[in-house]
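J.: Below: sequence and its predicted model.
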Amino acid sequence: MARQQLKPNHQIHMIISKGGSKPNVIPDTTKMDYYIRAPNGKEMVELREKTTACFQAAKLATGCLDLQLDGGHESYGALLSNKTMLGIYEHYGLKHGMHFHAAPAGGGGSTDMGNVSVEVPSIHPLFNIQDPAGEQTLTMIHTVGFQALAGQPAGHLRAGLAGGTMAMLVMELLLNESLRKKVKKEFEEEKRHFIA
């Protein structure tokens, strides 16, 4: 029922890493690994509270003697992407044959880069890789399909293009003081609204 109470851009990822040895025996110990994701810090706190309440309710309902929460409550922050930097990245990417698709509404949730992105101007761009037939693919990262495509020569080519495109962005920032000021100003303004 929790799914009906979550916003579309809230995510809870979990697996039962230790669930017992037999389906008809109540285990004395179980373990679950989880992460939660939300588009900003305020919603992350709300989602963490809801998630913790669900775990506490399950403990109470099952007669569990002890509940220890560690790991998932230290989830990563949401990503604050610098639009100016992203625009320059796209400019050079398009010049070098990269293809971009619109980001999903609400973004992709939190990431380890999210914690960095509220400290310094940042981007976390994604790029397409090609399947062996040469067709553009939107294979989701962190999947076996992505792993297979990433290991192919076409995947290496796309990673090289993305790395070169990032290098062009860095060169622009190093050589253009007014651009650095624009990026910093945008970052300071967006950060105030993002963290609030």
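T.: Alright, I've got the coordinates.

J.: Okay, His91 and Met85: tell me how far apart.
T.: Applying CB to CB, to the nearest Å, the value for His91 to Met85 is 11 Å. Placement of C-beta: from N, CA and C, glycine included.

J.: same thing with Ala2?
T.: Going from Ala2 to Met85 by CB to CB gives 36 Å.

J.: More neighbours: the two, which one.
T.: Per other CB atoms under 10 Å, whichever of Ala2 and Met85 has more neighbours is Met85, with 23 against 12.

J.: The residue nearest to the more buried one when sequence neighbours are not counted: neighbour count?
T.: Distances taken as CB to CB, 6 or more residues apart in numbering put Ile123 closest to Met85, at 4.9 Å, once the chain neighbours are dropped. By other CB under 10 Å, 20 other residues sit near Ile123.

J.: Point me to the residue sitting closest to the centre of this protein.
T.: By CA atoms, centre = their mean, the chain has its centre lying nearest to Thr111, at 3.7 Å.

J.: can you pull the contacts of it?
T.: Residues near Thr111 by CB atoms under 8 Å, 6 or more residues apart in numbering: Arg37, Tyr76, Leu79, His124.

J.: any idea of the pLDDT on it?
T.: Here, the pLDDT recorded for Thr111 equals 73.

J.: circling back: buried subset of the contacts of Thr111, written for PyMOL?
T.: In PyMOL syntax, the buried subset of the contacts of Thr111 is picked out as below (16 or more other CB atoms under 10 Å):
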select buried, resi 37+76+79+124
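
J.: Lowest pLDDT pick from the contacts of Thr111?
T.: Pick the lowest pLDDT in those and you get Tyr76, at 72.

J.: returning to what we had before: helix, strand or coil: sort out the residue nearest to Met85 for me.
T.: Three-state call for Ile123 (DSSP: H, G, I helix; E, B strand; the rest coil): coil.
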